[in-house]
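>>> Fold the following.
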Amino acid sequence: SRAELVRLYDRAGMTPRQGLRMAEDGAKAVKHADADAILDAMMVDPSLIERPLVETDKGVRLGRPIARLHEIL
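A predicted model of the protein is given here:
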């Protein structure tokens, strides 16, 4: 859900723009938009969400590169 994605980004210290999967065609249309517009686009097209977002008790990290996960494991 949108609320869950906002929560994960907040916990990871990321903005929706940082979580935008730029390799997707739809990302180019919203890459300069505000956070709300980017989140709206992500809800319409989940392929725009860079994944995986991994959550543990120690925090949330984008799982790329995988070495970043060591910070929260």
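
>>> Excluding chain neighbours, what is closest to residue 41?
Using C-beta to C-beta, 6 or more residues apart in numbering and skipping the chain neighbours, the partner closest in space to residue 41 is residue 30 (4.6 Å). Every C-beta, even on glycine, is put in place using the N, C-alpha and C of the backbone.

>>> what about the one you found, neighbour count?
As a burial measure, the neighbour count of residue 30 was computed by other C-beta atoms under 10 Å and equals 19.

>>> Just the local confidence number for it, please.
Reported pLDDT at residue 30 in the predicted model: 96.

>>> shouldn't it be in contact with residue 44?
No - here residue 30 does not reach residue 44: they are 10.1 Å apart, not a contact under C-beta atoms under 8 Å.

>>> For the residue nearest to the spatial centre of the chain, give me its contacts.
For the chain, residue 19 is the residue whose C-alpha lies nearest the centre (C-alpha atoms, centre = their mean; 2.9 Å). If you count contacts by C-beta atoms under 8 Å, 6 or more residues apart in numbering, residue 19 has them with 5, 9, 42, 49-50, 53, 62.

>>> Now the two most distant members of those residues.
Maximum pairwise distance among those (C-beta to C-beta): 14.0 Å, between 42 and 62.

>>> Give me the more crowded residue out of these two.
residue 42 (22 against 18).

>>> show me where this protein has strands.
With DSSP state E as the criterion, the chain has strands at 53-56, 59-62.
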